[in-house]
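1. everything below, folded, please.
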Amino acid sequence: MLVLRALGIGDLATAVPALRGLRAAFPRHRLTLAAPAWLAPLVDLVEAVDAQLPVEDLTPRTWDGPPPELAVNLHGRGPQSHRLLRAAAPGRLLAFACPPAGHHDGPHWCDDEHEVDRWCRLLHWYGIPADRTDLDLAPPGHPAPVGVSVVHPGAKSGRRRWPVDRFAAVARQLAADGHQVVLTGGPGEEAAAHAVATAAGLDRSAVLAGRTGLGELAAVIARARLLVSGDTGVAHLATAFRTPSVVLFGPMSPQRWGPPATRPWHRAIWHGTVAEPGDTPGREPHPALLRVTPGEVLAAVSAVLSTATVH
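-> As a prediction, this is how the structure comes out:
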């Protein structure tokens with residue numbers, strides 16, 4: 001079985017219920033996940049994948065080995081992703097209906113749908129159960145500090161990056177309240193993390209950005225007391241490890257990418273009215289994100305930590 005999900009951290013995390021559904025439905029199949037090689041530390045934590053095939057994008061390619069008995073498109077609506085999988089000459093393709101790709105089977109795509117529900121619905125259409133609440137990842141094996149409060153100021157798009165001074169205000173108050181604050185970030189986000197640390201009056205040792213690979217970052221989130229971040233991949237790691245979180249949304253509604261409402265120790269803040277289909281070009285934060293205040297974030301922190309303690 002060949003499954004395509006050649007995207008990022010949050011994309012992998014939101015596909016976990018579908019991957020586990022496929023694993024349970026086809027226990028004798030070898031499940032190969034076509035995904036970026038750098039995601040390997042997280043793929044190992046899904047505990048449903050037998051092998052990973054490095055695929056960075058949807059560029060047409062020649063597949064090695066025998067044709068898969070089954071191919072599953074957990075990547076998108078097509079046509080490029082459908083055609084990429086069809087090039088492997090699978091016995092059967094499970095995917096959303098896409099006439100331009102010659103695929104008339106499967107359910108219709110719905111834009112206004114949570115990403116977790118999207119892929120569970122695809123499998124349900126083909127008679128394959130998938131539990132949308134099955135989001136947890138296995139604990140990472142990397143060592144990490146226990147009980148830190150993580151502030152993650154980076155995001156893939158400038159439209160989803162809350163201003164540095166506001167992250168700094170939150171980090172400063174958390175530190176004053178006795179939190180051990182650390183600043184994390186992905187590749188290229190080191191400068192933002194250092195800027196927050198400086199503005200918040202934190203020591204440079206609090207900056208973990210640039211010092212952790214993906215596996216180490218996952219371990220930090222898994223053992224943390226709290227995460228405060230924008231709408232980006234680490235927010236999904238907090239969900240996967242049941243780490244209390246406050247997530248700030250801008251162009252995208254949490255109705256489509258947010259943490260599950262059934263877990264009250266995760267809080268999404270969004271002041272938008274209409275979800276955009278994705279990130280629009282731009283370096284400045286989205287207007288909905290700029291409506292979020294540090295005081296509002298700190299109030300949400302208190303609420304999720306109180307809930308997490310009770311839970």
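
2. when you work out contacts or count neighbours from here on, use the C-alpha atoms and nothing else.
-> OK.

3. which residue comes closest to His194 once chain neighbours are left out?
-> Val207 (6.4 Å; C-alpha to C-alpha, 6 or more residues apart in numbering).

4. got a list of what Cys120 touches?
-> By C-alpha atoms under 8 Å, 6 or more residues apart in numbering, the contact list for Cys120 reads Pro17, Ala18, Pro129, Ala130, Asp131, Arg132.

5. distance-wise, check the nearest residue to the last one once chain neighbours are set aside relative to His124.
-> Of all residues beyond its chain neighbours, the one nearest Arg132 is Pro17 (5.5 Å), with distances taken as C-alpha to C-alpha, 6+ apart. Taken as C-alpha to C-alpha, to the nearest Å, the spacing of Pro17 relative to His124 amounts to 12 Å.

6. and for those two, which residues touch both?
-> By the contact definition C-alpha under 8 Å, 6+ apart, Pro17 and His124 are jointly contacted by Ala130.

7. which one's more surrounded, these two?
-> A count of neighbours by other C-alpha atoms under 10 Å puts Pro17 above the other of Pro17 and His124, at 25 against 16.

8. give me the low-pLDDT residue ranges for the chain?
-> The chain contains residues with pLDDT under 70 at 275-281, 309-311.

9. the longest helix anywhere in the chain packs against which elements?
-> With secondary structure taken from DSSP state H, the chain has its longest helix at helix 294-310. Helix 294-310 sits against helix 164-176, strand 245-248, strand 266-269, with contacts defined as 3 or more C-alpha pairs under 8 Å, 6 or more residues apart in numbering; DSSP states H and E.

10. burial count for the residue nearest to His194?
-> Neighbours of Val207 under the rule other C-alpha under 10 Å: 24.

11. one step back: now find how far off-centre the longest helix of the chain is within its chain.
-> Distance of helix 294-310 from its chain centroid, counting by C-alpha atoms, centre = their mean, to the nearest Å, is 22 Å.

12. state the phi and psi torsions of the residue lying farthest from the centre of the chain.
-> The centre of the chain is farthest from one residue, Pro66, which by C-alpha atoms, centre = their mean lies 31.7 Å away. Main-chain torsions, Pro66, degrees, to the nearest 10: phi -70, psi 150.

13. what distance do you get for it to Glu189?
-> 41 Å.

14. same thing with Gly102?
-> Gly102 sits 41 Å away from Glu189, going by C-alpha to C-alpha.

15. which residues does the residue lying closest to Ala268 once chain neighbours are set aside bridge with?
-> Spatial nearest neighbour of Ala268, excluding adjacent residues (C-alpha to C-alpha, 6+ apart): Val247 at 4.8 Å. Beta-bridge pairing of Val247, defined through DSSP bridges, involves Ser229, Ala268.

16. Val247 touches Ser229, doesn't it?
-> Yes - counting by C-alpha atoms under 8 Å, Val247 touches Ser229, with 5.2 Å between them.
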